[in-house]
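[1] this is a predicted model, with the sequence first.
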Amino acid sequence: MSTEHVLVTGGAGYIGSHVVRQLSEAGYRVIVYDNLSTGSAEALVHGETLVVGDLEDTGKLDGVFRSYAPAAVLHFAAAIVAPESVSDPLKYYANNTANTLRLLQACVRHGVGRFIFSSTAAVYGFPEGGIAAESSPTVPINPYGTSKLMSEWMLRDTALAHGLRYVALRYFNVAGADPQSRMGQRTPEATHLIKVSCQAALGMRQGVSIFGTDYPTADGTGIRDYIHVEDLAAAHLAALAYLEREGESDTFNVGYGRGSSVREVIRVVREVSGIDFPVTEAARRPGDPGELVARADRIRNVLGWEPKFDDLQTIVADAWRWERKLAGV
Ligand SMILES: NC(=O)c1ccc[n+]([C@@H]2O[C@H](COP(=O)([O-])OP(=O)(O)OC[C@H]3O[C@@H](n4cnc5c(N)ncnc54)[C@H](O)[C@@H]3O)[C@@H](O)[C@H]2O)c1
Ligand SMILES: O=c1ccn([C@@H]2O[C@H](COP(=O)(O)OP(=O)(O)O[C@H]3O[C@H](CO)[C@@H](O)[C@H](O)[C@H]3O)[C@@H](O)[C@H]2O)c(=O)[nH]1
């Protein structure tokens, strides 16, 4: 049990709010710094301190570091819509890269020793054979991925120069929600397959389009490594514990190492919901790799992370329960 303050940027968002809850339950004193652009104060369920502020506001950020002297920073705040990053790249370099720079400068000014960074499988682009290990080439194919890779590089160099230790976690396809439905993905216009399919089952969308049925995969549709947000959140606590026992800076994939196709996901959402929503076959979405699955052994071996929800039925059931609650049905 720790009584240290930890600062969580973007802690009112989808993933951050799950991590914040788990941190509180583990005894950390959590300070959330969030501009509520996509996050919500309602997602903070244990009375965590919320400072509503933007990362661009370095004066406010400095005030938070002075007031709470956090021992660690977990950095989730970002803009996250990959296609939007193609049409508005500077938004992504400003909010993801430049704001990570501001946060790192504040960490150096205030002597923060531990940092956990939300990175993404998008840094790999189209990995050879559809499987990405941490050592695979990083060749992002959109400004979102590039903005995150640049942040990883800043973090690496800052750590070497200033005695900060970090863990960068490259998330694969995050899905599901708190099993007790206290928090989940709130953005109504989200494009993620599992969320979209649950919305279709609720009649909030006309149906689901399968983007591409001619990939070189068993059923022709795209394959992804879907990870339950609760397991992903637990990976952050494992990373923090690792840094607390003086672990070296490192980068880890967070996935299960197993892929599911679009058709499989839709079949499970139909099964779990009991609703046969319309599905149409459409062209490939530009920039989508056919297969993107993690090599996921390092995080288990080094951080001792053990997933508890590694099952597509469970992920979908929790996502479905959350979507119904959000829709009030
Ligand atoms: N959702 C995914 O599938 C996925 C996959 C890979 C990586 N990630 C990364 O995980 C992190 C969290 O993503 P999410 O899905 O929870 O998104 P989200 O939009 O729900 O959360 C982002 C949070 O950051 C806040 N925020 C954004 N810009 C800010 C700023 N300038 N100052 C202060 N607060 C700001 C938002 O209000 C929100 O609460 C992001 O860094 C994202 O790149 C997400
Ligand atoms: O309506 C839909 C939505 C998605 N898909 C397909 O479903 C799969 C998953 O798509 P989606 O849920 O949109 O996730 P990704 O495009 O794989 O991207 C997610 O996962 C990446 C990491 O792997 C993160 O970087 C991104 O932020 C996050 O959106 C892909 O094959 C898509 O082509 C459809 O067929 N129809």
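    Sure thing, it's come through. Numbering: from 1, shown residues only. Ligands and ions are numbered 1, 2, ... in the order given.

[2] contacts for stretch 229-242?
    With CB atoms under 8 Å, 6 or more residues apart in numbering as the contact definition, stretch 229-242 has outside contacts at 6, 14-15, 18-19, 21-23, 26, 72, 74, 114, 116, 167, 169, 171, 174-179, 184, 252, 254, 299, 302-305, 307-310, 318. Using the backbone N, CA and C atoms, a C-beta is placed for each residue, glycine as well.

[3] buried stuff in that stretch?
    For stretch 229-242, burial by neighbour count (16 or more other CB atoms under 10 Å) applies to 229-240, 242.

[4] and of those residues, the nearest to ligand 2?
    Looking at these and their distance to ligand 2, the nearest is Leu232, at 11.3 Å (CB to the nearest ligand atom).

[5] surely the closest one forms part of a helix?
    Yes. Per DSSP: H, G, I helix; E, B strand; the rest coil, Leu232 lies within a helix segment.

[6] let's have the chain start at 711 instead
    From this message on, residue numbering opens at 711, which makes the last subject Leu942.

[7] centroid-wise, who is the farthest residue in this structure?
    Taking CA atoms, centre = their mean, the residue of the chain most remote from its mean C-alpha position is Asp986, at 29.4 Å.

[8] model confidence score at that one, please.
    Note on Asp986: pLDDT of 96.

[9] ok, now how distant is it from ligand 2?
    17 Å (CB to the nearest ligand atom, to the nearest Å).

[10] from ligand 1, how far off is the closest residue to that residue other than its chain neighbours?
    Excluding its sequence neighbours, the residue lying closest to Asp986 (CB to CB, 6 or more residues apart in numbering) is Arg980, at 5.8 Å. Using CB to the nearest ligand atom, Arg980 is found at 22 Å from ligand 1.

[11] now Arg980: which helix or strand?
    For Arg980, the host element (DSSP states H and E) is helix 972-983.

[12] for the closest residue to ligand 2 within the stretch 911-1039 of the chain, which non-adjacent residue is closest in space?
    The nearest approach of the stretch 911-1039 of the chain to ligand 2 comes at Gly932, 2.4 Å away (CB to the nearest ligand atom). The shortest distance from Gly932 to any non-neighbouring residue, by CB to CB, 6+ apart, is to Val972 (5.3 Å).

[13] surely the one you found meets Val906?
    No. The criterion here is CB atoms under 8 Å, and Val972 misses it with Val906 at 10.6 Å.
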